[in-house]
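Visitor: Got a predicted structure here, sequence first:
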Amino acid sequence: MAIVPDILTKSPKPKIRLQINDGYRFVDGVVREHNLNTVCEEARCPNIYECWNRGTATIMILGDVCTRACGFCSVKTGKPVWNDSLEPVRTAMAVKRMRLRHVVITSVDRDDLKDDYGSSIWVETIKQIHKHVPGCTVEVLTPDFKGYRPALEKIFNAEPEIFSHNMECVERISRQVRSQANWQRSLDVLRQSVEFGLRTKTGMMVGLGETFDELVATMREIRTVGVSIFTIGQYLQPTKEHLPVQRYVSE
């Protein structure tokens, strides 16, 4: 039996204000100067103008080519050729230049790096920020590293102030939304972070066909694991090649 979302009526599509001020120009300049990637640009985030205008950005490490092809994400998919051992230092210098008190670091999936899936670069990035910007808290939004425990433990031991890994959606539609991931594996990544003693965060999208009951059940399961920060955002289709929006959730 098919499960039909509780609310099928679509609200008007949200409007994005395209406004550039000195804050936006400053962030753009710092990103270019230090040759960094941001998920704001690569994922075509509609909030880029709001965030950059306020002088904040989410830095994306390990290159701009992902080894996975999630149905909601517009980051390029392919065979990465990135090899830049100085990226952690440049990232720290950019954070220092922007005078950030809190920074969010994320990355593409690097399933091609079989030794540790890129976790060593993650660790060095955290260490460099803590070294050069000691007053800045570091939030890491990581891939699942295929559930490889040694890779996760490297990052846990680097002691980011917040460890985040997104569930992205309810379990029923997970394979459709991110075919190369595993919902239970993601839940286990969060569980391991909590057990290590880190402040743990996750997020998910709505508007992909989930029901209200599924959403509530997911929230309860995540809370049972011990996650302390949970965010929900409206899914917006980045291009016509990506999953369509099933509904715009207004309440």
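Guide: Yes, it's here.

Visitor: And the helices in the protein, which stretches?
Guide: Under the criterion DSSP state H, the chain contains helices at 22-33, 39-42, 48-53, 87-97, 119-132, 149-157, 174-177, 183-196, 212-225.

Visitor: Take the ones you listed and write them to TSV, including mean neighbour count, mean pLDDT and distance to Pro143.
Guide: Backbone N, C-alpha and C define where each C-beta goes, glycine included. Listed next are the helices of the chain as TSV, based on neighbours: other Cβ atoms under 10 Å; pLDDT from 0 to 100; distance: least, Cβ to Cβ, whole Å:
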stretch	mean neighbour count	mean pLDDT	distance to Pro143
helix 22-33	15	78	21
helix 39-42	20	68	12
helix 48-53	19	69	22
helix 87-97	20	93	16
helix 119-132	20	97	9
helix 149-157	17	98	9
helix 174-177	17	95	15
helix 183-196	18	98	9
helix 212-225	14	96	18
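
Visitor: out of those helices, which comes closest to Gln237?
Guide: helix 174-177 (12.3 Å; Cβ to Cβ).

Visitor: residues making contact with the closest one?
Guide: 70-72, 168-169, 181-183, 208, 243 (Cβ atoms under 8 Å, 6 or more residues apart in numbering).

Visitor: out of those, what pair is the most spread apart?
Guide: Checking these with Cβ to Cβ, the most distant pair is Asn182 and Leu243, at 18.3 Å.

Visitor: Which one of those two is surrounded by more residues?
Guide: Applying other Cβ atoms under 10 Å to Asn182 and Leu243 shows that Leu243 carries more neighbours, namely 20 against 15.

Visitor: For the nearest residue to the more buried one once chain neighbours are set aside, list the residues it contacts.
Guide: Leaving aside its sequence neighbours, Leu243 sits nearest to Gly71 (Cβ to Cβ, 6 or more residues apart in numbering; 4.3 Å). Counting by Cβ under 8 Å, 6+ apart, Gly71 touches 176-179, 242-243.

Visitor: In terms of distance to Met60, which of those ranks first?
Guide: Arg178 (17.1 Å).

Visitor: The closest one and Gln128: what is the separation?
Guide: According to Cβ to Cβ, to the nearest Å, Arg178 stands 30 Å off from Gln128.

Visitor: How about Ala94?
Guide: Ala94 is 11 Å from Gln128, by Cβ to Cβ.

Visitor: what do you get for Arg247?
Guide: For Arg247, the distance to Gln128 - Cβ to Cβ - is 42 Å.

Visitor: Also Pro244?
Guide: When Pro244 is compared with Gln128 (using Cβ to Cβ), they lie 41 Å apart.
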